[in-house]
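>>> Sequence isn't available, so here's the structure alone:
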Ligand SMILES: Nc1ncnc2c1ncn2[C@@H]1O[C@H](COP(=O)(O)OP(=O)(O)O)[C@@H](O)[C@H]1O
Ligand SMILES: [Mg+2]
């Protein structure tokens, strides 16, 4: 075969994925070079062919795995995210903000604290009404610390077979050692609940007990966060296992103003009476107010209006969704 044809055949076999053909043509090329007295080049070609064969026998390279992405069964149990949220995104009381800043500060000084035999706060329980920023807090803490957020999928964790559930919990706590991150048990009351049918109580207690033991024994450097809307149904023993319990509350009028201003942005009409709207919105959660403001902005955008309609916004804030549960204090 002429050299040009050989090159064409080589490329064609590569294109078709015909490996046998590829090696055969490559070997011909090497043999031709040898015949032409180019012994060194022929040798180099054969060596390259051998190396190619060895490399091809290895399993194909796996797609790059981002650091901390759970594998195997863990991947079913943990949903990983790399949130961009920051604490500044949260509109919370001074008290909650201080508590969160404290966690971040201690985590940032982790090494220094550990060197002095001190342990930074890292087992945190978030409690409070729905829509007050508990889930957002998990993202903000991960974002602030530059750690992956591993959200525990309770639906995958809690199986009908309690032994299996305990084994899965074990895997999660093992992961907290091997991959530092924020491990988030959202809607945690599903595990921690005491209010279950009499048939299940023994089983649920066993899960809860294994969780208690695991959280107690956990000496990882990960942040373990749990959140619940129903603290009143949690076991007292549970509360004691956490380094900190942070209570989220419905927003105060000044916070309502902040939420409205930040969500309306440039769609706020110039002389909008935000204080009056804050009175209307009292008793609503951050999430509900956010939703109303976003709804009004969406309507403005769709109708090519520069600003939201104050009457419409007020109407949206008045239209309260039915609540089945309100904070009991
Ligand atoms: N404290 C808050 N500050 C700012 N936005 C909030 C706050 N709480 C809730 N939101 C808004 O409502 C959404 C849902 O809140 P979420 O964190 O899921 O509440 P929870 O977990 O307490 O039920 C958030 O993504 C955010 O847009
Ligand atoms: Mg939540």
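Nice, I can see it. None of the values given here were measured: they were computed from a predicted structure. Ligands and ions are numbered 1, 2, ... in the order given.
>>> Which neighbouring elements make contact with the helix or strand bottoming out on mean pLDDT in the chain?
One helix or strand of the chain scores below all others by mean pLDDT, DSSP states H and E: helix 189-192, with a mean of 70. Here helix 189-192 touches helix 154-157, helix 201-217, strand 223-228, going by 3 or more C-beta pairs under 8 Å, 6 or more residues apart in numbering; DSSP states H and E. Placement of C-beta: from N, CA and C, glycine included.
>>> Deepest-packed of the ones you listed, please.
Among the helices and strands packed on helix 189-192, strand 223-228 has the highest mean neighbour count (mean count of other C-beta atoms under 10 Å), at a mean of 25.
>>> Parallel or antiparallel, list what pairs with that one.
Sheet pairing of strand 223-228 (DSSP bridges) gives strand 123-128 (parallel), strand 182-185 (parallel).
>>> Turn those into JSON lines, columns for mean neighbour count, mean pLDDT and distance to residue 99.
Listed next are the strands paired with strand 223-228 as JSON lines, based on neighbours: other C-beta atoms under 10 Å; pLDDT from 0 to 100; distance: least, C-beta to C-beta, whole Å:
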{"stretch": "strand 123-128", "mean neighbour count": "23", "mean pLDDT": "94", "distance to residue 99": "9"}
{"stretch": "strand 182-185", "mean neighbour count": "27", "mean pLDDT": "96", "distance to residue 99": "16"}
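>>> out of those, nearest to ligand 1?
With C-beta to the nearest ligand atom as the criterion, ligand 1 lies closest to strand 123-128 of the strands paired with strand 223-228, at 6.4 Å.
>>> Centre of the chain to that closest one, how far?
17 Å (C-alpha atoms, centre = their mean, to the nearest Å).
>>> Which residues does it contact?
103, 134, 137-138, 188, 215, 218, 223-229, 231, 238-239, 241-249, 327 (C-beta atoms under 8 Å, 6 or more residues apart in numbering).
>>> Tell me which other helices or strands the helix ranked longest in the chain touches.
Determined from DSSP state H, the single longest helix within the chain is helix 39-57. Helices and strands touching helix 39-57, by 3+ C-beta pairs under 8 Å, 6+ apart, are helix 19-35.
>>> contacting residues around the longest helix of the chain?
19, 23, 26, 27, 29, 30, 31, 33, 34.
>>> one more time with 10 Å
19, 22-23, 26-27, 29-36, 38 (C-beta atoms under 10 Å, 6 or more residues apart in numbering).
>>> Please work out the average pLDDT along it.
The average pLDDT within helix 39-57 is 82.
>>> Quick one: name whatever helix or strand follows it.
helix 72-77 (DSSP states H and E).
>>> Now that next one: buried residues?
74, 77 (16 or more other C-beta atoms under 10 Å).
>>> do the same with stretch 20-40
22, 23, 25, 26, 29, 30, 32, 33, 34.
>>> Regarding the residue nearest to the first one when sequence neighbours are not counted, which helix or strand does it belong to?
Counting by C-beta to C-beta, 6 or more residues apart in numbering, residue 13 is the residue found nearest to residue 22 once chain neighbours are left out, at 4.1 Å. When elements are assigned from DSSP H and E, residue 13 belongs to helix 3-16.
>>> rewinding a little: distance to ligand 2 for the strands paired with strand 223-228 - can I get that in TSV?
Output for those, formatted as TSV (distance: least, C-beta to the ion, whole Å):
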stretch	distance to ligand 2
strand 123-128	9
strand 182-185	10
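>>> now the ones you listed as JSON lines including distance to residue 272?
Listed next are the strands paired with strand 223-228 as JSON lines, based on distance: least, C-beta to C-beta, whole Å:
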{"stretch": "strand 123-128", "distance to residue 272": "29"}
{"stretch": "strand 182-185", "distance to residue 272": "36"}
